[in-house]
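Peer 1: The following comprises the amino acid sequence and a computationally predicted model.
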Amino acid sequence: GRSMGLTQEQVNEIAKLPSGVAVVYQNDWVRPVLTRINKASIREQQYVPENKTVIRTVQSARAQIIRMLMQPWMPGQKINNESLSESLKVLDLARKDRNAISDLISDYNLFGGNLIWPSRKIPELQHLVKAVLGLKDKDLLACETPADLYKLVQFKAKHLKRNAVNEICFVLTMSTEDNGGK
């Protein structure tokens, strides 16, 4: 009230104003004015969003994409297209890798949750698995024992079970001659 140039008596009256009545003042006005604001004619209710946004962690996104890519080695329930697409958005991948995985998601859905990796495509699978997990060739070369590789993959794929980590290690170290015909 004092900053608007009101007297002490006027300041004391502000507290007695009914709801919806306000004192309004603007710098270039001669004096403040009283104004009444009518209550909006809406029914108040709790806000409930129509579309809930699922916040996916990088770890869970990695796990879903890896399960899809490695479906022949990690059979399980089909992951829905929307979930895979949302997971792909979370991951920090090169455009080429993102596009390749997007195409594989389409194939995965087209073939009812199945992917086939012929021998000649195993290097592509290895590259995509490394990209999704955020592994570099130098990280793999630094692994001196199979246990080192297992620990590295387990660290990068925290949402995957032991058997899945073993399968990832198998695929990462697979040569095109020993892929078992998958």
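Peer 2: Nice, I can see it.

Peer 1: which residue ranges form the helices in this structure?
Peer 2: Assigned by DSSP state H, the helices in the chain fall at 8-14, 58-69, 81-90, 95-110, 122-133, 137-141, 146-156, 162-173.

Peer 1: any idea which of those is most buried?
Peer 2: Of all the helices of the chain, helix 58-69 has the most neighbours on average by mean count of other CB atoms under 10 Å, namely a mean of 21. The C-beta positions use only the backbone N, C-alpha and C, and glycine is treated the same way.

Peer 1: Out of the helices of the chain, which gets nearest to R2?
Peer 2: helix 8-14 (6.6 Å; CB to CB).

Peer 1: Can I get the helices of the chain in JSON lines including mean pLDDT and distance to R36?
Peer 2: Putting the helices of the chain into JSON lines (pLDDT from 0 to 100; distance: least, CB to CB, whole Å) gives the following:
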{"stretch": "helix 8-14", "mean pLDDT": "87", "distance to R36": "14"}
{"stretch": "helix 58-69", "mean pLDDT": "92", "distance to R36": "53"}
{"stretch": "helix 81-90", "mean pLDDT": "91", "distance to R36": "49"}
{"stretch": "helix 95-110", "mean pLDDT": "94", "distance to R36": "57"}
{"stretch": "helix 122-133", "mean pLDDT": "94", "distance to R36": "61"}
{"stretch": "helix 137-141", "mean pLDDT": "90", "distance to R36": "69"}
{"stretch": "helix 146-156", "mean pLDDT": "92", "distance to R36": "63"}
{"stretch": "helix 162-173", "mean pLDDT": "91", "distance to R36": "67"}
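
Peer 1: Redo the ones you listed as CSV? Include distance to K52.
Peer 2: Below are those laid out as CSV (distance: least, CB to CB, whole Å):
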stretch, distance to K52
helix 8-14, 43
helix 58-69, 16
helix 81-90, 12
helix 95-110, 22
helix 122-133, 26
helix 137-141, 37
helix 146-156, 29
helix 162-173, 28
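
Peer 1: Name the stretch from those that approaches V48 most closely.
Peer 2: Across these, the minimum distance to V48, taken as CB to CB, is reached by helix 81-90, at 20.9 Å.

Peer 1: helices and strands around the closest one, which ones?
Peer 2: helix 58-69, helix 95-110 (3 or more CB pairs under 8 Å, 6 or more residues apart in numbering; DSSP states H and E).

Peer 1: Including distance to A22, could the ones you listed go into JSON lines?
Peer 2: Listed next are the helices and strands packed on helix 81-90 as JSON lines, based on distance: least, CB to CB, whole Å:
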{"stretch": "helix 58-69", "distance to A22": "49"}
{"stretch": "helix 95-110", "distance to A22": "53"}
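
Peer 1: out of the ones you listed, nearest to V153?
Peer 2: For V153, the closest of these is helix 58-69, at 9.8 Å, according to CB to CB.
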